[in-house]
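J.: no sequence for this one, just the structure:
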C-alpha cells in the first residue's frame, strides 16, 4: 500500500462515519417527528394528542352576542363496555360565554373499568378556540361495576374563532386504559 | 487502445488465480464489485419473478367478479407482498446492482470504497427476502395491510407482520450500507481529472439517490419500529387510546415514501441519460441542467409527502401547500423530458433494443406524469385517492420508469459485462410484447379508477368487469413476456455472439472508451488519467 | 361503439365510391378492397375481443368519472376535463416532436448527427412554460379545495362510524335527529361464491340505506371503531377517511334524486371489499315520512338496537327494548332467527360451517367459549374482543337478535350448549 492509498482509506473512513451519523440522526428524526407532530397539532388546534392535564386559564372575555354557534356533542366508546352519551346532542352558545354541559357514562360490566376520554373536534381548527376549564377528559375515570356517572365539561369558545365557523363538533372517545381491566375471558 | 490495455488484462488474469476462491465460496466471500453487481441483478430478477407471480394471482382473482381462487385474506397478503417485494426486493436491488457494476468503471476506480461492506450489504438481502416469504407460513399468514402498512390495521395481524417488519429493517440496512458505499466511492474514488461535472449522468443520479436513501430509509425503519413496539411493547405511537394518532404513521411513512419514489426513479433517469445519447450519436443535451433538475427533484421530494394523505382530513392550508409543492415537481421533470427530446433532435438515431426500451420509458413515464398531474390537484385527488386510477398511475411510473429502464440498461451493458451479444430480434420481441401488454394491463385501469373502483379489493361490482378482464388478459401476457427475457439472457450467456470492443457506436463513457469488452475482473487498478 | 364507427366509415366510403369516375373507381376499389378487408379484420378482431370481455358483463362500460349529483362533483368533472384538454395538447406537442425525430432523424435514412448540446435560452423557456401552465391549472383547483373543506352552515349532520366491516349511521342534528342504524352488505354469499347469479347491484346493496333530503347541505362526521376506513360516494365527490378515536368531517348537497352507491376505500382488513355505502336522496316530504317511520317504534321491528348504543340513546327506545327483552322464545324460533343473523353478520369470518379460518378467525364448532358459560359468550359478543377482529355487536344487534344468534351457534355444528334468551342478554347489558 502506498501513501496515497492509505490516505484515501482514511478519507473514505471519515466519510463513512459522517454518512452513518446522518443515517442515525434520520432514524432519530423519525422519532422526533412524534413530539413535533403533537406540537404542530397543538399549535394549530388539530387533533389533541395529549389530553390536557391542566386547566386552561381564560382571561375575562367579552361575550359576543352578535354570533351564535351551534355546538354538537358526540360520544364514542372504543371497545369498552361503557354506555356513554351527552345529555344534550347540541346547544347554541355565544362566543365568550361560559357553558357547562354534561355527559353520562355507565359501566355495564360487573367489574370496575378504567377509561380515558380523548377529545376530537370538527372542524379540526376549532380545537384551538375551545377553552376548557373543566373536563372529565383531564383525568382517567374509573367506574365501579354498574356505576353511572354524570360528568361535566365547562368551556367557552374564544371570540377570536374565525367568522366562517358556525358549527363545531366536540367528540369524545373513551378508551380502556390498558392493564387496568379485569379481563374475564 | 485495447492494445494499451491488454497488458493490464493479462496481469489481472494472473491475479485471479491467486486471490479468487472458486465455486460457491467465490460468491459468498467475494468483494469484487462486478461479482456483487451480478448477484444483485440476479437476486432482483428472482424477486421480480416472485412478485410477478403474486401479481398473476391478483389478476387471476380479479378476472371476473365473485371470489374464485383465493380468500380475501390471502388476496390482501398478495397485494401487500407484491408491493413490498417489487419495491424493496426487485427494483431497488436492481439499481444497486447497476451501481455496483458501473460506478467504479465509469469513474475510473478499482473497486467500491468499502469492498467488504459491499459483500455484507448484498448478503443481507437473501435473508430479508426469505423472511418476507416465510411470513406466508406463519399462523395468520403474511400480513394483509398493503405495502404502506398503515396503523392500526397492523396491530391486528399475526406474527407474519413481525417477520415483515424485520425484513424491512434488514432491507433498509442493506440499502443504507449500499448507498454509503456508493456515495463514498463517487466522492472519493474518482480518477484524476474526473471532476464531478465530467461524470456520466448515471453516477450523478446515484450520488443524489444515495443521499436520499441515507436520509429517508432510517425514517422508515423508525416507523416500522414504532409499529413493532405498538404491537408488542405497550407503546401507543399510533393508537389513540394512549394519546397516539394513526395519521402520524402515515406522515412518517410518506416522509420516507415519497423520496422512495424518487430513489427508484432517479437512477433510471441516469440510465436513460446515457442510452439516449449513445443511440442518437450526439452528446446529452443540457448536462448541467440535468444535474440541477435531478437535485431539485430530490429536494422537492422531501416536502410533498402529504399529497398521499389528502383524504385523512388535513386543514385547507395543508392541502394547498402540498398541492403547490407537488405541482412544482412537474417543472424539473418536464425539463428532463425536454432535454432527452432535444438530445434526439437532429441526431442520427438507431433503434436497437436498449434504445427501444428507453423510448418506451420516455413514452410511458410521460403518460404517468400526466396522470400524476391530474392527481396532484388535491380536489381531484380526493375523488381518485385509493382507486385504480392511482394503481394505473404508479404502475406507469414504476414499471415504465424503473423496470423498462432496467431492461434497457441490461441490454445496453450486457456486452460490456459478459463479452457476448444478446439476440437482437428476440430483444425487440421482448420490447414490443412488454410494451403492448403493459398498456393493455394498465391503461384500462385509468377507466375503472375514474368510474370508482377502489384498490385492494378481491371482488368488485359488475360495472368494472370489462376493464378487469382486459387488464387480467394483458397482465398474463406481460408476465409471460418476461420469461422471454430470461430466455434471451440465458441464451446470450451460453451461446451469444462475441461482442465487439465497442458494440454501440455512440457510447462514450469511460467503461466503453478505456476498458476492453468484456470488462476484466479487475479494472483500473492504476487510475486512468482523464483529460 | 368502435364497431359502429367502423360501420359508418364503410358506408361512407361506399357512398363516396359511387360518385367517382371509372378510372378513379377502379383505383379506389382496389384500395378500398384492401382497406375494407383490413377494416373487416379489425372488426372481427374487435368483436372477438368485445365478445370475450363483455361476456357476462351486464352493464354498460363506465370509463369516466360518475355522473355527478352535487355541485362539487360537477366541479371535479370540469377541472378533470380541463386538465385532460391541456394534457392532450402537451401530449401532441411532446410526442409530436419525439415521433418526428424518430422518423426523420434515423441513421438508416442517412441522418447525420448535429453536435449541439446546450442552449440556455431554450432551457429557461421550457422551465418557465410548464410553470405558467401549472399556475393556470392550480388556480381553479385551489378554489375547489376550499369549497370541499367548507362544512359550515349544514342543515343536517350525520355521524358515520366505520366498523369491520359495516357502517354505522347516527343522525346527530337536523330533521331526523336521533335516528341510528347499522348498514351492511345485503348481497347474498351465494352470489359472491358464484353459486347464484349476480344481481344488478352486486356488492353495492345494503340492508339499511342512508337517507337524505335533496338540496340540503349534509355534513358527514366520520370516525371508526377499529381501524381506518374511508367513506366515499363517487357521485358526490365526497371522500373522507374514518379514523379510530378522531372525528373528521366532509359535506355534500345532493341536487338529484336517486340512489348513490360507493364502497369503503381504505384497506381495513379481510372484508374491505364488502362494506358498501348506499345513500338514497329523496324529496323533503319523503324524507319527513322516512324520519317518521324510523322514529315510530312500531314501524321498526325491535328498536332496541339503538338503546345499546349509548351515544345515540333516544328517549323512546328503552320501552320496546324492555318489552322485547321480557319475551321468551322457543329454542326453535331462536335458532331460525339466529341462522339469518349469523349469515348476515358472522359468516364472513366464522364461515357457514362454523369452522372459522384459524388462527385469525377461530372455529365456533367445538369452541370452549361457545360450549361454556353462556354469560361469557354473551359478554364477548356484546363487547368484542380487543386486539382481534371480533367486533362489539352490542351496538349493532338488539337483545333478541343477539340471543337468537347465540342460541344458533350454541346448537349447531355439533354444539349443544343450551338456549340464550333475550333477557339473558339484557341482563348483561345493564
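T.: Noted; the coordinates are in hand. Everything numeric here is computed off the predicted structure, so don't read it as measured data. Numbers count the residues shown, from 1 in each chain, chains lettered A, B, ... in the order given.

J.: so where is the chain shaky, pLDDT-wise?
T.: With no chain named, the answer covers chain A. Of all residues in chain A, those with pLDDT under 70 make up the ranges A:1-2, A:44-61, A:178-185.

J.: oops, chain C please
T.: For chain C (pLDDT under 70), the answer is C:1-60, C:297-326, C:359-360, C:386-389, C:395, C:430.

J.: Quick check: can you list the domain ranges of it?
T.: Domains of chain C are assigned by automatic domain parsing as C:2-54, C:71-149, C:156-295, C:320-429.

J.: So is the longest one next to chain A?
T.: Yes - contact between domain C:156-295 and chain A, assessed by Cβ under 8 Å from any Cβ of the partner chain, occurs at C:157, C:159, C:161, C:172-173, C:177-178, C:219, C:221, C:223, C:225-226, C:244-249. For the C-beta atoms, the positions are set from N, CA and C on the backbone; glycine is no exception.

J.: OK, contacts around residue B:199?
T.: Shown in contact with residue B:199 (Cβ atoms under 8 Å, 6 or more residues apart in numbering or on different chains): B:106-107, B:186, B:190.

J.: try it again with 10 Å
T.: B:103, B:106-107, B:186, B:190, B:206-207, B:270, B:287, B:291, B:509-510 (Cβ atoms under 10 Å, 6 or more residues apart in numbering or on different chains).

J.: of the residues of domain C:156-295 next to chain A, list those near chain B.
T.: Under the cut-off given by Cβ under 10 Å from any Cβ of the partner chain, chain B has C:226, C:244-249 from these close to it.

J.: ok, and the most crowded of those?
T.: The most crowded member of those, judged by other Cβ atoms under 10 Å in any protein chain shown, is residue C:246 (30 neighbours).

J.: what about that residue, distance to residue A:175?
T.: Per Cβ to Cβ, to the nearest Å, residue C:246 is found 12 Å from residue A:175.

J.: Mutual contacts of the two, please.
T.: In terms of Cβ under 10 Å, 6+ apart, residue C:246 and residue A:175 are both contacted by the residues A:76, A:118, B:240.

J.: how many neighbours does the last one have?
T.: What that stands for is residue B:240. 24.

J.: who's in contact with the closest residue to it other than its chain neighbours?
T.: Closest residue to residue B:240 apart from its sequence neighbours, by Cβ to Cβ, 6 or more residues apart in numbering or on different chains: residue C:245 at 2.5 Å. Contact analysis of residue C:245 by Cβ under 10 Å, 6+ apart lists A:47, A:49, A:76, A:78, A:118-120, A:171-175, B:152, B:239-246, C:223-225.

J.: Test for you: state the pLDDT assigned to the residue in the stretch 401-531 of chain B positioned nearest to chain A.
T.: Here the stretch 401-531 of chain B gets closest to chain A at one residue, residue B:527, 9.8 Å apart by Cβ to the nearest Cβ. Listed pLDDT for residue B:527 reads 86.

J.: Doesn't it belong to a strand?
T.: No - counting by DSSP: H, G, I helix; E, B strand; the rest coil, residue B:527 is not part of a strand but coil.

J.: Relative to residue B:278, how far out is the residue lying closest to it once chain neighbours are set aside?
T.: Spatial nearest neighbour of residue B:527, chain neighbours left out: residue B:191 (4.0 Å); criterion: Cβ to Cβ, 6+ apart. With distances taken as Cβ to Cβ, residue B:191 is found 21 Å from residue B:278.

J.: Compare those two (neighbour count), which wins?
T.: More neighbours surround residue B:278 than the other of residue B:191 and residue B:278, with 22 against 19 (other Cβ under 10 Å).

J.: how about residue C:220, secondary structure?
T.: Per three-state DSSP, residue C:220 ends up strand.

J.: in terms of contact, does it touch residue C:241 like I think?
T.: No - using Cβ atoms under 10 Å as the test, residue C:220 is too far from residue C:241 to be in contact (11.7 Å).

J.: what touches both of these two?
T.: C:231, C:248, C:250.

J.: List the ones among those residues that fall in strands.
T.: Judged by DSSP state E, the shared contacts of residue C:220 and residue C:241 include C:231, C:248, C:250 as members of strands.

J.: Can you tell me which of those residues is nearest chain A?
T.: residue C:248 (6.5 Å).

J.: before we move on, the earlier item: and which of the ones next to chain B among the residues of domain C:156-295 next to chain A is nearest to residue C:79?
T.: residue C:249 (22.3 Å; Cβ to Cβ).

J.: Leaving out the residues flanking it, which one is nearest to that closest one?
T.: residue A:122 (4.2 Å).

J.: Run through the bridge partners of the one you found.
T.: residue A:169 (DSSP bridges).

J.: Go ahead and confirm it touches residue C:160.
T.: No - if you go by Cβ under 10 Å, residue A:122 and residue C:160 don't touch, sitting 12.0 Å apart.

J.: the more surrounded of those two?
T.: Neighbour totals were compared for residue A:122 and residue C:160, and residue A:122 leads with 28 against 23 (other Cβ under 10 Å).

J.: Distance of that one relative to residue B:529?
T.: 68 Å.

J.: Repeat that for residue B:216.
T.: 37 Å.

J.: Now name the helix or strand holding residue C:181.
T.: strand C:180-183 (DSSP states H and E).

J.: can you check residue A:174 too?
T.: Counting by DSSP H and E, residue A:174 is found in strand A:167-176.

J.: Pull the contacting residues for residue B:192.
T.: B:108, B:527-530 are the contacts of residue B:192 under Cβ under 10 Å, 6+ apart.

J.: Out of these, grab the one that's most surrounded.
T.: residue B:108 (23 neighbours).

J.: Nearest spatial neighbour of that residue, chain-adjacent residues omitted?
T.: Residue nearest to residue B:108 in three dimensions, not counting chain neighbours: residue B:191, with 2.9 Å by Cβ to Cβ, 6+ apart.

J.: go on, residue C:271?
T.: Closest to residue C:271 by Cβ to Cβ, 6+ apart is residue C:165, at 3.7 Å.

J.: Which parts of the stretch 101-250 of chain C are strands?
T.: Applying DSSP state E, counting those that start in this stretch to the stretch 101-250 of chain C gives strands spanning C:156-163, C:166-173, C:180-183, C:210-213, C:217-224, C:229-233, C:238-242, C:248-253.
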